[in-house]
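Colleague: Got a sequence here, can you model it:
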Amino acid sequence: FESGAADNQSLRLLRSGTRKSPAGVSASRRIAFRNVGGGFLAQSIDEGLYGQGGFHIGTRHLPEDKELVDLEFAYLVAKYTRTQAVIIACGGATLAVASVATDQEMAVRVALARTKEKASGSVAALDSALDMPQLERLATGGVRAIIHTGHGNGRDKELYDFCDQKGIALIVSRMRHFRH
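Modeller: Model prediction:
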């Protein structure tokens, strides 16, 4: 600090001692800070792709190898897209990226509209839990495999049953990616 900085009335210094990370956070977790009106937001840095134990295929219909590659690619894109992301991909390329929608339903509609009816045979990745209206819309659009965070409750079974009837593979990532 410059000489006399301590005399500045608007300067506030906080001493953290020898702690390497904020209280309540393990030393191995890194924290990101963002300015928000009048303060800041602290959130752990998202360093994973799937939750503990990896992803889970909940349907009897299994994704093909090329679909698994596209699903992982699309989910990685979703991780680095703003929240409420819906990514539609095929052949290692994105067909549509929709995010920061008012809700997941709108993001799905926008993503499908951006594919210009080329979604048939594609995969979709969502950075949040999928609900039946979005699933029905993706199925109607021709999506053949989907990865989402999962609900972690009985609601997933209804989705699995629907996907099995339609021949769609549904994968649960067990991890939500927040990017604000």
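Colleague: What residues sit buried inside the helix or strand harbouring Asp164?
Modeller: Taking DSSP states H and E as the definition, Asp164 sits inside helix 155-166. In terms of neighbour count (16 or more other C-beta atoms under 10 Å), helix 155-166 has its buried residues at Asp156, Leu159, Tyr160, Phe162, Cys163, Lys166. Bear in mind the C-beta positions are built from the backbone N, C-alpha and C, glycine included.
Colleague: just stretch 76-91 next, same as before
Modeller: Val77, Ala78, Lys79, Thr81, Thr83, Gln84, Ala85, Val86, Ile87, Ile88, Ala89, Cys90.
Colleague: What helix or strand is the first one located in?
Modeller: Spelled out, it's Val77. Counting by DSSP H and E, Val77 is found in helix 65-79.
Colleague: That helix - contacts with which helices or strands?
Modeller: strand 86-90, strand 93-98, strand 123-126, strand 145-148 (3 or more C-beta pairs under 8 Å, 6 or more residues apart in numbering; DSSP states H and E).
Colleague: Just name the most buried of those strands.
Modeller: Across those, the average number of neighbours (mean count of other C-beta atoms under 10 Å) peaks for strand 123-126, which reaches a mean of 30.
Colleague: Show residues contacting that one.
Modeller: Here strand 123-126 makes contact (C-beta atoms under 8 Å, 6 or more residues apart in numbering) with 63, 67, 70-71, 74-75, 77-78, 85-90, 104, 107-108, 111, 134, 138, 143-149.
Colleague: That one: partners in the sheet, and parallel or antiparallel?
Modeller: strand 86-90 (antiparallel), strand 145-148 (parallel) (DSSP bridges).
Colleague: Same list, those, but as a markdown table with distance to Leu130 please.
Modeller: A markdown table is the format used below for the strands paired with strand 123-126 (distance: least, C-beta to C-beta, whole Å):
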| stretch | distance to Leu130 |
| --- | --- |
| strand 86-90 | 10 |
| strand 145-148 | 4 |
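Colleague: Report the residue spans of this protein with pLDDT below the cut-off.
Modeller: 1-32, 43-54, 100-101, 152-153, 174-180 (pLDDT under 70).
Colleague: Pull the contacting residues for Ala85.
Modeller: Val77, Ala78, Val97, Ala98, Ser99, Ala107, Ala125, Leu126, Asp127, His177, Arg179.
Colleague: For Ala78, list the residues it contacts.
Modeller: Here Ala78 is in contact with Ala85, Val86, Ile87, Ala125, Leu126, Asp127, His177 (C-beta under 8 Å, 6+ apart).
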